[in-house]
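Student: Output the structure for:
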Amino acid sequence: MSSGIEADVVLDAAVVLSLGMNRVLGHGAGLAGRGAEALAALAEGRAEARAAALAEVESHERALREVVERNARIAALAETGAKIGAEVALPERLQPGERSAAELAAWCAATDPLLDEAERSLSEHLAAQVASQVFTAPAEGLTADTERSAPPPPRSGEVQRNDVRENLERIMARLLPDVAEAERSDVAEAAGLLAGIGTAEEAEGVLQEVRLRIQAANRRTEEERERERERAAERDAAEQAEAERRYVLDSITAAFEDMGYEVQAGFETLTAEDGTMTLTKGGWPDHSVRMRVDGAAHVRASMVRERPAESEDDRRVDVEREQEWCEAFEAARDRLRDAGIRSDVAWRLDPGVRELPVSARSGQTRGRAGQRERHRERHT
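Tutor: A predicted model of the protein is given here:
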């Protein structure tokens, strides 16, 4: 942008961590308490107090993320249990609320073995289901080879049948309970071959095939779990980036409003806010500042005229307004620094070096209003 300023923006660690905590806690855009303390210590130059507050924020934010992961696992196990018709004891999901980092960590430590036990219980339930389906009919195969060689002892066939069933249930219990339905059917299909086996060797061959299919199903399930973790991390990063962008926008708006400017959000499209703002002031009938915040990392601003300059006096006023704006920007930087937003000026055009451009804002506004009106006419 001509006749303006460009600055890189860096958010303080206390802001970044606190915004993450607020997203988990659902406290909106306000900074969490310890993060605010860290910022206050930064502003006052109390390095030791800042380090202690920041360490506590980091610990709390990490504990909150651990709770979120456990809550998600509880929900997933409950969904799996419902799918396979199993009732399993699960801990209640935790609402972090105002709990300390130590309390959150203790809950996670106590919850982990309960979740592991619930997963084992679901796998065992699934194994028993499949075994029950396989062994519903009386077995004939396993007794055949024995009958040809010598009369079997009493209930010999049933003993062999029970041995195979126990082996199947033990092997099936290794199947992760949240495997996809197709994977589960594939394993059950192999296990179903046991109903027609003729010898113990054949039974072992079928069980080995079941093992291989379970290994493949578990591997694909673990891969899908990892993909879901990656998707969750991407969603979290996008939400964090939006929270940081909003924090920067709100902080800049508050800083300039406190200094007497009127700040209006800009719209690059008809539907989505794009991070542009127009700053005006009561004593500026012919001037305004166009500002754009790219994400939470870059700010660009330039002063513009609302109508073309017509005289040397107009150009003199331009220089005065530019100087006033430059001073206001520096004052805003100080305010933003207190809010944990550091801005490093990358490019600056001094007052009077270039003629101010004329704003096309009013014409664009009329054009967009016309577009909206034509859009409505086409759909009525």
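Student: could you point out where the stretch 51-200 of the chain is predicted with low confidence?
Tutor: For the stretch 51-200 of the chain, the stretches flagged by pLDDT under 70 are 137-159.
Student: How about the stretch 251-380 of the chain?
Tutor: 266-274, 360-380.
Student: what about the helices in it?
Tutor: Ranges of helices in the stretch 251-380 of the chain, per DSSP state H, counting those that start in this stretch, are 312-338, 361-378.
Student: can you check the stretch 1-150 of the chain too?
Tutor: Secondary structure of the stretch 1-150 of the chain by DSSP H, counting those that start in this stretch: the helices cover 13-25, 33-44, 47-84, 101-134, 141-149.
Student: Just name the most buried of those.
Tutor: Of all these, helix 13-25 has the most neighbours on average by mean count of other CB atoms under 10 Å, namely a mean of 21. To be clear about C-beta, it is placed using only N, CA and C from the backbone, and glycine gets the same treatment.
Student: Now do it: distance to the chain's middle.
Tutor: Relative to its chain's centre, helix 13-25 lies at 13 Å (CA atoms, centre = their mean, to the nearest Å).
Student: Report all helices and strands that that helix contacts.
Tutor: Applying 3 or more CB pairs under 8 Å, 6 or more residues apart in numbering; DSSP states H and E, we find helix 13-25 packed against helix 33-44, helix 47-84, helix 200-258.
Student: May I have it exported as PDB, CA atoms only?
Tutor: Only the C-alpha atoms of helix 13-25 are listed here, as PDB (Å, rounded to 0.1, in the frame of the first residue of the first chain):
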ATOM      1  CA  ALA A  13       3.500 -17.000  24.200                       C
ATOM      2  CA  ALA A  14       1.200 -16.100  27.000                       C
ATOM      3  CA  VAL A  15      -1.400 -14.900  24.500                       C
ATOM      4  CA  VAL A  16      -1.100 -18.000  22.300                       C
ATOM      5  CA  LEU A  17      -1.400 -20.400  25.200                       C
ATOM      6  CA  SER A  18      -4.200 -18.500  26.800                       C
ATOM      7  CA  LEU A  19      -6.200 -18.400  23.600                       C
ATOM      8  CA  GLY A  20      -5.800 -22.200  23.300                       C
ATOM      9  CA  MET A  21      -7.000 -22.600  26.900                       C
ATOM     10  CA  ASN A  22     -10.000 -20.400  26.300                       C
ATOM     11  CA  ARG A  23     -11.100 -22.400  23.300                       C
ATOM     12  CA  VAL A  24     -11.100 -25.600  25.400                       C
ATOM     13  CA  LEU A  25     -12.800 -23.900  28.300                       C
END
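Student: Make residue 1 into 5 and carry on from there
Tutor: Sure, I'll start numbering at 5, so the last one becomes helix 17-29.
Student: Counting neighbours, what do you get for the residue lying closest to His291 once chain neighbours are set aside?
Tutor: Distance criterion CB to CB, 6 or more residues apart in numbering; nearest residue to His291, sequence neighbours excluded, is Arg325 at 4.7 Å. For Arg325, the tally of surrounding residues (other CB atoms under 10 Å) stands at 21.
Student: correct me, but Arg325 touches Met307?
Tutor: Yes - using CB atoms under 8 Å, Arg325 is in contact with Met307, at 6.4 Å.
Student: Are there residues contacting both of those two? Which ones?
Tutor: Shared contacts of Arg325 and Met307 (CB atoms under 8 Å, 6 or more residues apart in numbering): His291.
Student: For Ala332, find the nearest of the helices of the stretch 5-154 of the chain.
Tutor: Ala332 lies closest to helix 37-48 among these, at 20.3 Å (CB to CB).
Student: avg pLDDT for that closest one?
Tutor: Throughout helix 37-48, pLDDT has a mean value of 63.
Student: got the helices and strands packed on helix 17-29 as a markdown table, with distance to Glu170 columns?
Tutor: Shown next, in a markdown table, are the helices and strands packed on helix 17-29 (distance: least, CB to CB, whole Å):
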| stretch | distance to Glu170 |
| --- | --- |
| helix 37-48 | 55 |
| helix 51-88 | 21 |
| helix 204-262 | 11 |
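Student: Can you say which of those is nearest to Ile9?
Tutor: Taking the helices and strands packed on helix 17-29 one by one with CB to CB, helix 204-262 is closest: 12.6 Å.
Student: centre of the chain versus the closest one, how much separation?
Tutor: Relative to its chain's centre, helix 204-262 lies at 10 Å (CA atoms, centre = their mean).
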